[in-house]
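> sequence and predicted structure below; questions after.
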Amino acid sequence: MEIFFTILIMTLVVSLSGVAARIIPFQIPLPLVQIIAGALLGWPSFGLHVNFDPELFLVLFIPPLLFSDGWKTPINEFLHHGREIIGLALVLVLITVVGIGYLIHWTIPGVPLIPAFALAAVLSPTDAVALSGIVGEGRIPKKIMSIVQGEALMNDASGLVSLNFAIAVAMGTMVFTWSGASLEFLKVSLGGLLAGVVICWLYGKSLRLFSRWSGDDPATQTVLLMLLPFASYLIAEHLGTSGILAAVAAGMTISRSGIIRQAPLAMRLRANSVWQMLEFVFNGMVFLMLGLQLPGILQTTLTEAEVDNNVNIWILLFAVAMIYLALIVVRFGWLLLMQRISKRLLKKRPMAFSNYSLRELLVATFAGVRGAVTLAGVLSIPLFLPNGENFPARYELVFLATGVILFSLLAGVVTLPLLLKGVSGIDKGETGKELRKARSIMAKSGIDSLYKMEDRLAKDTNENIDPEVLKEVSSRVIGQLRRRLDDKDDVEQAMFMENLERRLRLNALRAERAEVYHLRATKEISDESMRKLLRDLDLLEALLIEKEE
């Protein structure tokens, strides 16, 4: 029962954190609110203690979140910015692991070289979810955010693979050589990507079989979709490849393969709703867990620092600031170097960085905040070596990684709003033009299809449709579609008419809903009929409200 109550309390706190972030008079990003809430719950006076299992954390939270990120990633933009993403997610990670690893080893007493590399590896992944929580959706320009999101998607895998190498060397299960590490990295990475694609393909085949055997059962199909990221991760890990990359590849594959497009409407609607809920809860749980670990991490560090004469708490706090500053300098330097290389050597096909102003380079630099994967990675470091001795400097590594996560979030809260004052965010007007153009093309395609269908129905003697009725209904539907074409030159008038029609429809829908409840109260309809009627109204209202937003 204790575990059950703990889960209930954590879920409640995650739910209330969203409300708290909105009603607090000054702006605090949602991730920080959740970390603070977790720290308060984990404080000894409250006594909420959660036994943290790093392996369970990785399996439970990371695959679905990365799968969701892969699903939502615009593939064309990802491929378009492939060079920039590889430069940040692979080359910069390698530079960070080696450079920051040596810096930690040289400047912090008592941290051997291999554990220092392990810490640098877990500090290399960035967190686009935490970044969105800091600045809000649409505040960072698209040309920066697309690259940062792609980087965060891929450097989770490269950082965790580097961590596994460092742990294997420290545990004595691997002898490090550059050639061996490179081959192992390729095997793990490519194998993980291939595993994710194959598992997603098998899921699509099985979904069609289930639909054929049991009909369009949205509940079963949605549950199978929920299991897909876990299956991708676990099977890939069992095969000795990257489960992280497998989850990412599965998410990216499902968005391009047509599996969801061919799925029944009820399944698509339910799956989108469930994923939105899971994303909110899982993201909140990750940062809440970080907050819950803070009191224990601080207490352990203080206790160990008293025993270890080489290290004290002030040295560790200074080290946190030094490491974060070094990460910022390395990231900015690498961005600047890629900009110079692009301008001088890639004049025919320059990278996106070549057009960045200094302010935009700084935005891209401070956008590299650390979050969930860093926490999970550092806490997955083993407690003991195979000979039974403590893992070298583990408590210091956990303290430093936690400190850098908090420092990067706080630095982002302070610097990014200031830097973004001079940078325009995502152009909603441009997006609106794109949507209007697409809807106009869609309307033309719909009209052509309706004319063909009208001719086919008129010639089909089996349908037995009155020609006048067919003409009247067809003209009414075509007239609604033609408005998008006729009004495209008068954008303001078209938008006014659409908004007015939407308001009228919403008003009518809400009146209909009130009448449904009245009919049930007077026992003129059953509960089952009421649920069906309300579901139809909810779907229509959701469509109208989504268009309004």
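The structure has been received and is ready for your questions. Note that the structure is a prediction, hence the values are computed from the model and not measured.
> switch to C-alpha atoms for all contacts and neighbour counts from now on
Will do.
> please, where are all the helices along the stretch 251-400 of the chain?
With DSSP state H, counting those that start in this stretch as the criterion, the stretch 251-400 of the chain has helices at 259-262, 265-307, 313-345, 358-366, 372-379, 394-419.
> format those helices as CSV; extra columns: distance to Val223 and mean pLDDT.
Below are the helices of the stretch 251-400 of the chain laid out as CSV (distance: least, CA to CA, whole Å; pLDDT from 0 to 100):
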stretch, distance to Val223, mean pLDDT
helix 259-262, 14, 73
helix 265-307, 9, 80
helix 313-345, 41, 92
helix 358-366, 38, 92
helix 372-379, 25, 81
helix 394-419, 34, 89
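> between these, which one is closest to Asp466.
Taking CA to CA, helix 265-307 is the member of the helices of the stretch 251-400 of the chain nearest to Asp466, at 30.8 Å.
> hmm, which helix or strand of this structure has the shakiest average pLDDT?
In the chain, the helix or strand scored least confidently by mean pLDDT, DSSP states H and E is helix 259-262, which has a mean of 73.
> follow-up on the earlier one: pick the most buried one from the helices of the stretch 251-400 of the chain.
Mean neighbour counts were compared across the helices of the stretch 251-400 of the chain using mean count of other CA atoms under 10 Å; the top stretch is helix 372-379, at a mean of 25.
> angle of that one against helix 394-419?
If you take axes from the mean of the first three to the mean of the last three CA atoms, to 10 degrees, helix 372-379 sits at 170 degrees to helix 394-419.
> what's in contact with helix 372-379?
The contact list for helix 372-379 (CA atoms under 8 Å, 6 or more residues apart in numbering) reads 54, 57-58, 62, 119, 122-125, 127, 156, 160, 163, 286-287, 290, 397-398, 401-402, 405.
> 7 Å - rerun?
54, 57-58, 119, 122-123, 125, 156, 160, 286-287, 398, 401-402 (CA atoms under 7 Å, 6 or more residues apart in numbering).
> ok, those vs Ser526, which is closest?
Nearest to Ser526, judged by CA to CA, of the contacts of helix 372-379 is Val286 at 43.2 Å.
> contacts only, for the closest one.
Val286 touches Ala372, counting by CA under 7 Å, 6+ apart.
> now do the buried residues in stretch 9-16.
Residues 10-11, 13-15 are the ones in stretch 9-16 that count as buried (16 or more other CA atoms under 10 Å).
> tell me the two of those residues that are most distant?
Using CA to CA, those reach their maximum pairwise distance at Met10 and Ser15, which is 8.6 Å.
> so who does the closest residue in space to Leu66 that isn't next to it in sequence touch?
Counting by CA to CA, 6 or more residues apart in numbering, Val248 is the residue found nearest to Leu66 once chain neighbours are left out, at 5.5 Å. Taking CA under 7 Å, 6+ apart, we find Val248 in contact with 66-67, 70.
> got the buried residues for the helix or strand hosting Val248?
For Val248, the host element (DSSP states H and E) is helix 243-256. By 16+ other CA under 10 Å, the buried positions in helix 243-256 come out as 243-255.
> is it possible to export those to a markdown table including distance to Arg436?
Output for the buried residues of helix 243-256, formatted as a markdown table (distance: CA to CA, whole Å):
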| residue | distance to Arg436 |
| --- | --- |
| Gly243 | 40 |
| Ile244 | 38 |
| Leu245 | 36 |
| Ala246 | 36 |
| Ala247 | 34 |
| Val248 | 32 |
| Ala249 | 32 |
| Ala250 | 32 |
| Gly251 | 28 |
| Met252 | 27 |
| Thr253 | 28 |
| Ile254 | 27 |
| Ser255 | 23 |
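> minimum pLDDT in these, which residue is that?
Lowest in pLDDT among the buried residues of helix 243-256 is Ser255, which has 75.
> so it versus Leu66, what's the distance?
For Ser255, the distance to Leu66 equals 13 Å [CA to CA, to the nearest Å].
> over to Thr6?
25 Å.
> tell me the secondary structure at the residue most central in space within the chain.
Nearest to the geometric centre of the chain sits Asp69, at 3.8 Å (CA atoms, centre = their mean). Of the three states, Asp69 takes helix under DSSP: H, G, I helix; E, B strand; the rest coil.
> run a quick neighbour tally on Ala508.
Using other CA atoms under 10 Å, the number of residues around Ala508 comes to 12.
> other SSEs contacting whichever strand or helix holds it?
Using DSSP H and E, Ala508 falls within helix 491-521. Counting contacts by 3 or more CA pairs under 7 Å, 6 or more residues apart in numbering; DSSP states H and E, helix 491-521 packs against helix 527-548.
> who's in contact with the helix it packs on?
The contact list for helix 527-548 (CA under 7 Å, 6+ apart) reads 502, 506, 509, 513, 516, 520.
> buried subset of these as a PyMOL selection?
Entered in PyMOL, the line below selects the buried ones among these, by 16+ other CA under 10 Å:
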select buried, resi 502+506+509+513+516
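> need the contacts of helix 527-548 in TSV with distance to His80 and pLDDT, can you?
As requested, the contacts of helix 527-548 are arranged in TSV below (distance: CA to CA, whole Å; pLDDT from 0 to 100):
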residue	distance to His80	pLDDT
Arg502	37	78
Leu506	41	83
Leu509	43	87
Arg513	47	88
Val516	51	89
Arg520	55	85
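> Serialize the contacts of helix 527-548 to a markdown table and add fields for distance to Ser132.
Formatted as a markdown table, these follow (distance: CA to CA, whole Å):
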| residue | distance to Ser132 |
| --- | --- |
| Arg502 | 30 |
| Leu506 | 31 |
| Leu509 | 34 |
| Arg513 | 36 |
| Val516 | 40 |
| Arg520 | 44 |
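> tell me which of the contacts of helix 527-548 is nearest to Pro44?
For the contacts of helix 527-548, the nearest to Pro44 is Arg513 (49.5 Å; CA to CA).
> so what's that closest one up against?
Neighbouring residues of Arg513 by CA under 7 Å, 6+ apart: Leu534.
> roughly how far does it sit from Met530?
10 Å.
> for Leu470, same thing?
Distance from Leu470 to Met530, by CA to CA: 32 Å.
> ditto for Ala130
41 Å.
> neighbour-wise, which of these two wins?
Remark: of Ala130 and Met530, Ala130 carries more neighbours, 24 against 16, as counted by other CA under 10 Å.
> show me what contacts that one?
31, 371.
> so which strand or helix has it?
Per DSSP H and E: helix 128-135 holds Ala130.
> just Leu94 next, same as before
Taking DSSP H and E as the criterion, Leu94 maps to helix 92-107.
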